[in-house]
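Chemist: Give me a 3D structure for the following:
(one chain, ligands or ions: 2)
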Amino acid sequence: MLFGSKKVIGLDIGTSSIKLVEVEKSKSSATLTAFGYVSTPPGAIVGGEIVAPEVLSDAIRSLVTQTKTGRKKAATAIWGTAVITKKISIPRIDEKLVGEQLKWEAEQYIPFDINESNLEYQVIHDSTSPEQMNVLLVAAKRDYVMRYAEVIEAAGLECSIIDVAGFALANCFEANYGRLEGQAVILLNIGAGTTDFVVMEHGELTFSRDIPVGGLTYTTDISKAMGVSLEEAENLKISAGTGQPVPQEVTDVIGHTNEAVAEEIRRSYDFFLASSSDVKITRAYVTGGGLGIPGLFEVVQNTLGVTLESLNPFATVQYDSRVFNADYISQISPYACVGLGLALREAGDR
Ligand SMILES: Nc1ncnc2c1ncn2[C@@H]1O[C@H](COP(=O)(O)OP(=O)(O)OP(=O)(O)O)[C@@H](O)[C@H]1O
Ligand SMILES: [Mg+2]
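Modeler: Ligands and ions are numbered 1, 2, ... in the order given. As a prediction, the model looks like this:
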C-alpha cells in the first residue's frame with residue numbers, strides 16, 4: 001500500500017455481541033484507545049455463518065458511531081464449521097514453494113469443494129525430520145468469507161483483513177505473554193455459541209478447533225429444564241453469574257451443563273493429544289463471556305487436568321488511562337481478546 005493508513009479496527013462479530021477494538025501501536029508498545037460493543041441481533045449469525053446481513057451491518061454501523069473511531073479499515077475474524085484448520089505433513093521443500101504444492105495436496109484434507117474455498121497456510125517450524133515439514137492448512141468456504149466482507153462494507157467500512165478467530169486469539173496471547181519458547185499452552189475462548197480451542201507450541205499455533213458449546217448451551221438447557229423462554233433463561237443465567245439469588249434448579253442445571261461443556265472440551269483435548277505424540281501442555285489460558293458461568297473454570301480445570309489461568313489481554317498491552325479506568329478494563333477483558341488480536345494487525349498483513 002502506497003498511500004493511506006494501515007491502521008485498522010478489530011471487529012469481533014460474535015453470536016451474542018459485536019466488539020470493536022482500536023489500538024494505537026508504537027515500535028515497542030500497543031495501547032487501547034477505543035472499545036465498544038453492541039448486542040448481536042438474535043439469530044443474525046449462527047455457528048459463524050451470517051444469516052441476516054442487513055441487521056448485522058446496521059449493528060456494526062451503530063457500534064462505529066458509538067465508539068467514535070476515526071478509522072475506516074477493519075480486520076475481522078471468521079469462525080465455525082465452514083473454517084477448517086489442519087496440520088499436515090508434506091515432503092520438505094523451499095518455504096516459497098509451499099503455496100503451489102498445497103494446491104495439489106489440499107483437496108484430500110478439506111471436506112468441501114476446494115474450487116469454492118479460500119486457502120491459506122502457515123509453515124510450522126517444529127519438525128525435526130529433514131525429509132518432512134509440517135504445515136498448517138486453513139481453508140474456508142469462499143461465499144462464507146465474502147459475506148463477512150460484504151457485511152462490513154455495507155456498514156461503511158473497508159474490510160482489510162479477514163482472519164480466523166483462533167489465530168486472532170493467538171495473536172492477542174502473543175502480544176501479552178510473548179512466544180513462550182519451549183512451552184505448549186492451550187487457549188480457550190468460551191463464547192456464546194462456540195468455544196475456540198487453540199494450542200500454541202513454542203509460540204506457533206499448531207491446532208485450532210471450534211467446539212459448538214458456550215454460554216448459549218446454558219441458556220438452552222435452563223429454558224428446556226424449567227420450561228421458561230430463552231430470554232428468561234438467559235436472565236436467570238446472568239443472575240447466577242453475577243451472584244444474585246436464583247432458584248436451586250438453575251444452579252443444578254448449570255452444574256450439569258458445566259460437566260457436559262467440560263467433557264466436550266476434553267474430547268478436543270484428547271483428539272489433539274492423539275494427533276501429536278510428544279507434546280506436554282504446561283497451562284491453559286481462558287477467556288470469553290463463558291468465564292462468568294459459576295463453577296465452569298474449576299470444572300474445566302479438573303476435567304482437563306491442566307492448570308487454568310485467565311488470559312489477561314492487558315498483561316502487556318496498555319490502555320489509555322484518560323479514557324478507561326481499571327474497573328472497566330477488568331470488566332471488558334473477557335470479551336476483548338479476539339478483537340484485540342485483530343486490532344493489532346495492519347492492513348496488508350496476510
Ligand atoms: N456474568 C455472566 N454469567 C454467565 N454468563 C455470562 C455472563 N456474562 C456473559 N455471559 C455469557 O457469555 C456469552 C457471551 O460471551 P462472548 O461475548 O465471549 O460471546 P460471543 O463472542 O458473542 O460468542 P461466540 O464467540 O460464541 O460467537 C453469552 O452467552 C452470555 O450469556
Ligand atoms: Mg466470541
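Chemist: Would you pull up the residue in the stretch 251-350 of the chain closest to ligand 2?
Modeler: Residue nearest to ligand 2 within the stretch 251-350 of the chain: residue 338 (5.6 Å; CB to the ion). In short, each C-beta sits where N, CA and C put it, glycine included.
Chemist: who's the nearest residue to that residue once chain neighbours are set aside bridged to?
Modeler: Spatial nearest neighbour of residue 338, excluding adjacent residues (CB to CB, 6 or more residues apart in numbering): residue 12 at 4.3 Å. Beta-bridge partners recorded for residue 12 (DSSP bridges): residue 19.
Chemist: Wait, residue 12 touches residue 76, no?
Modeler: Yes. Applying CB atoms under 8 Å, one finds residue 12 in contact with residue 76, separated by 7.4 Å.
Chemist: Mind listing the shared neighbours of those two?
Modeler: The contact sets of residue 12 and residue 76 overlap at residue 342 (CB atoms under 8 Å, 6 or more residues apart in numbering).
Chemist: quick one: is stretch 40-48 near ligand 2?
Modeler: No. On the criterion CB under 5 Å from the ion, stretch 40-48 is out of touch with ligand 2, staying 9.8 Å away.
Chemist: What's the end-to-end length of that stretch?
Modeler: Using CA to CA, to the nearest Å, one end of stretch 40-48 lies 12 Å from the other.
Chemist: which SSE is the residue nearest to residue 59 when sequence neighbours are not counted in?
Modeler: The shortest distance from residue 59 to any non-neighbouring residue, by CB to CB, 6+ apart, is to residue 38 (5.3 Å). Following DSSP states H and E, one finds residue 38 within strand 30-39.
Chemist: what lines up beside that strand in the sheet?
Modeler: In its sheet, and by DSSP bridges, strand 30-39 pairs with strand 17-25 (antiparallel), strand 318-319 (parallel).
Chemist: Only the buried residues of the helix ranked longest in the chain, if you could.
Modeler: Looking across the chain with DSSP state H, the single longest helix is helix 248-275. Buried residues in helix 248-275, counting neighbours by 16 or more other CB atoms under 10 Å, are found at 250, 253, 254, 257, 258, 261, 262, 264, 265, 268, 269, 272.
Chemist: Nearest to ligand 1, out of the residues you listed: which one, please.
Modeler: Closest approach between the buried residues of helix 248-275 and ligand 1, by CB to the nearest ligand atom: residue 254, at 8.7 Å.
Chemist: Pull the contacting residues for the closest one.
Modeler: 218, 222, 237, 240, 293, 294, 295.
Chemist: Contact partners for the last one?
Modeler: The reference is to residue 295. So residue 295 contacts 254, 255, 258 (CB under 8 Å, 6+ apart).
Chemist: Need the per-residue pLDDT for the second one.
Modeler: What that stands for is residue 255. pLDDT, residue 255: 98.
Chemist: Repeat that for the one 3 residues further on.
Modeler: For residue 258, the model assigns a pLDDT of 98.
Chemist: Grab the nearest non-local neighbour of it.
Modeler: Closest to residue 258 by CB to CB, 6+ apart is residue 299, at 4.3 Å.
Chemist: Tell me how far that neighbour lies from residue 215.
Modeler: In this view, residue 299 and residue 215 are 15 Å apart by CB to CB, to the nearest Å.
Chemist: quick one: which of the two has more around it?
Modeler: Comparing residue 299 with residue 215 by other CB atoms under 10 Å, the one with more neighbours is residue 215, at 28 against 20.
Chemist: so that one touches residue 237, yeah?
Modeler: Yes. At 7.3 Å, residue 215 and residue 237 qualify as touching, with contact defined as CB under 8 Å.
Chemist: still on that earlier bit, pretty sure the residue nearest to residue 258 sits against residue 263.
Modeler: No. Contact criterion CB under 8 Å: residue 299 and residue 263 do not qualify, at 9.4 Å.
Chemist: Off-centre distance for the longest helix of the chain?
Modeler: With CA atoms, centre = their mean, to the nearest Å as the basis, helix 248-275 stands 19 Å off its chain's centre.
Chemist: Enumerate the residues of this structure near ligand 2.
Modeler: Residues of the chain lying near ligand 2 (CB under 5 Å from the ion): 14, 191.
Chemist: for the chain, which spans come out with low pLDDT?
Modeler: For the chain, the stretches with pLDDT under 70 are 1-4, 127-128, 277, 350.
Chemist: just the helices in it please.
Modeler: Under DSSP H, the chain gives helices at 53-67, 98-105, 142-154, 165-177, 215-226, 230-241, 248-275, 296-304, 326-343.
Chemist: For these, give me CSV that also has distance to residue 311.
Modeler: Output for the helices of the chain, formatted as CSV (distance: least, CB to CB, whole Å):
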stretch, distance to residue 311
helix 53-67, 23
helix 98-105, 31
helix 142-154, 24
helix 165-177, 6
helix 215-226, 17
helix 230-241, 18
helix 248-275, 15
helix 296-304, 12
helix 326-343, 6
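Chemist: Could I get the contacting residues of the residue in the stretch 51-200 of the chain positioned nearest to ligand 1?
Modeler: The minimum distance from the stretch 51-200 of the chain to ligand 1, using CB to the nearest ligand atom, falls at residue 191 (2.4 Å). Going by CB under 8 Å, 6+ apart, residue 191 touches 14, 15, 16, 214, 215, 288, 289, 290.
Chemist: The third one: how many residues sit nearby?
Modeler: The reference is to residue 16. Neighbourhood size, residue 16 [other CB under 10 Å]: 19.
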